[in-house]
Structures are given as structure tokens and as C-alpha cells.
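Asks: 3D model of this:
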Amino acid sequence: MRILGGIPSRLRHSSGKLADILAKVCDEVVIISQKATVECKSSNIVVIEKDVNFGICNARTAIDEYAIANGFDLIVESDDDLSYKPDLVESLVREIVNNPTLGSCGAFSRMYFNWNKKETSNKNFILYAGNACLWCARVSALQEVGRWNCECAEDLDHGLKMWQKGLAVASLKTTLSQTFSMVSCQTDTLLEGGYDREDREQRMWKSLDTIGEDHANLVYIGAGNGNRRFSTRYNWSVMTQKVVDRFGYALEYEDSKGRKL
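Replies: Numbers count the residues shown, from 1 in each chain. The predicted structure follows:
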């Protein structure tokens, strides 16, 4: 089994440090750089430079295509503004290998983990709509799902595409140590993820409209409240049935929200 680490990076300087962490677990790491400053020590890291406006979806797709072209079995993809240890990466890989119905397994940020302390399951993970920031996926699943399309909330769109194919998506839920932290690494405080914040907001709502239309059988997206930009309601019975229909069996999964697979 060959594992590729992948990092999309734009206008930042932190991807090299994360690549060195991924390099301890992965056979090779590829950084899709868009004017990023990359400083790393490991010999199994490849940096591919793209135009500064190449885009996040094109960068994620480029990582997938690199994995397919070079015969990798799994991808561990990481955003470039995180902090975590190699054992978290190993745990993500382990869950994918041990659970054939999973197309992807991600990790939670420490903040999100604390917000959801009471949510438990009989597995090391909980079912999730789409993984963001740090996750492991089967290359065959990524190849089946195809290109990343939405400029914002691309993680949600891509996760729902997996569910549509009958591939379950999960996030690791064990202990607080099995989480990642967000770090500040912007090179320009007026930019958010490399985009002007007002421009990003417009892109976000355009993407959410597209996701709501494309996956109307799986999710309803509405207006948020308080600090939430938007709200979502998922049709978990349809989502989990798609997995059973595809594989002919369930995961023997059950969680505190009453979801079963």
C-alpha cells in the first residue's frame, strides 16, 4: 500500500513544516504551491509550482491526479495552516484500511472536538458529511468522485459526492490528542485563504447554492443564526442506505445521534 501526502498552499510559508510531518508516514508528499514559501527537510517531498490564481479546487484535483498517475492507494491531504503530530496521520490511515466502506476519514479541530464532547459512537469515528483541513481518502474513491468543483465549501460538496456514490465519510472521534490545531500563518491580514474576505464571502454563498441544488436529496442548506454562516440538515437515512446498497452490508455503526449504518 502506497500513501501520498498532499498539501495545497497559497501565499503562505508553513507548508514545509507540515510536509515534514506527513513525510514520516507517507511514501511521498506533494505540495501544490501558489507563490508559497516552502522550506522542508525530508527527501521525499515534491513541490509543484502553479500560478498564484490556480485555485484551491484545481490544487486539490492536481493532488488527486498526481496520486492516480503515480499508483498511490491512499491520500492524506492537509491544509497548510494546521498543527498536528504524525500519530494522528497514522490513525486516519488505520481507519480507512480497517473499514472498507469508508471513502474518507478526517480529523476534528480541537475547538470542534470540545463543542461536540457528548457525541459518541461504537467506532473510533462518527459519520460526517464532508471532511475539511486534514483527512485520508482512498485514491479509488477520489477517482470515482472526480474533480473538486466548488470554490468554497468544497469539502462539503466533495463529501456529499462520496455519499452519492455509496462511500461513507467519517471523522475520527477518540480523544482530544487525536485532533489538530489551527495556526496563524497569513502573509497578508486582508486575505482569508489567499482571497479577499469580501470576495470569499460571495464565493461561499454561490458555492452553497450549487451544493444545495446538486445534493437536494441529501441536504437542505438554509440561513444560519448567531455566529453560524449557514445551517444544514442532512437526510442520513438516504445517505446510509446508499452505502448498504453499494456494499450489501452495513458497518455495524451506531452513534449517540441515533444514526446507524
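
Asks: pLDDT wise, what is A250 at?
Replies: Confidence per residue is given as pLDDT, and for A250 that number is 89.

Asks: err, G226, not the other one
Replies: 69.

Asks: ditto for C152
Replies: Among the per-residue scores, C152 holds a pLDDT of 87.

Asks: For it, the count of nearby residues, please.
Replies: One way to gauge burial is a neighbour count; for C152, by other Cβ atoms under 10 Å, it gives 22. From N, CA and C alone the C-beta is placed, and that goes for glycine too.

Asks: which is the next helix or strand following the helix or strand containing T61?
Replies: In this structure, T61 is located in helix 56-69 according to DSSP states H and E. Downstream of helix 56-69, the next assigned helix or strand under DSSP H and E is strand 74-78.

Asks: Could you list every helix and strand in contact with the helix or strand immediately after that following strand in the chain?
Replies: Tracing the chain past strand 74-78, the next element assigned as helix or strand by DSSP H and E is strand 82-83. Identification of packing neighbours for strand 82-83 by 3 or more Cβ pairs under 8 Å, 6 or more residues apart in numbering; DSSP states H and E yields strand 181-182.

Asks: which helices and strands sit right next to the strand it packs on?
Replies: Counting contacts by 3+ Cβ pairs under 8 Å, 6+ apart, strand 181-182 is packed against strand 82-83.

Asks: mind checking how far the strand it packs on is from the chain centre?
Replies: Here the centre of strand 82-83 is set off from its chain's centre by 14 Å, with Cα atoms, centre = their mean, to the nearest Å.

Asks: and after that strand, which helix or strand comes next?
Replies: Using DSSP H and E, the first helix or strand after strand 82-83 is helix 86-98.

Asks: Mean confidence (pLDDT) on that following helix, please.
Replies: Throughout helix 86-98, pLDDT has a mean value of 98.

Asks: Output it as CSV, nothing but the C-alphas.
Replies: The C-alpha atoms that make up helix 86-98 are tabulated as CSV, following Å, rounded to 0.1, in the frame of the first residue of the first chain:
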residue,chain,number,x,y,z
PRO,A,86,2.4,12.0,12.9
ASP,A,87,0.3,9.6,15.1
LEU,A,88,-2.9,11.5,14.1
VAL,A,89,-2.0,10.8,10.4
GLU,A,90,-1.4,7.1,11.3
SER,A,91,-4.8,6.9,13.0
LEU,A,92,-6.6,8.3,9.9
VAL,A,93,-4.8,5.8,7.6
ARG,A,94,-5.7,2.9,10.0
GLU,A,95,-9.4,3.7,10.0
ILE,A,96,-9.5,3.8,6.2
VAL,A,97,-7.6,0.5,5.9
ASN,A,98,-9.8,-1.2,8.6
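
Asks: Strand 74-78 and that helix, what's the angle between them?
Replies: Per axes from the mean of the first three to the mean of the last three Cα atoms, to 10 degrees, the angle that helix 86-98 makes with strand 74-78 is 140 degrees.

Asks: Alright, I will stop here.
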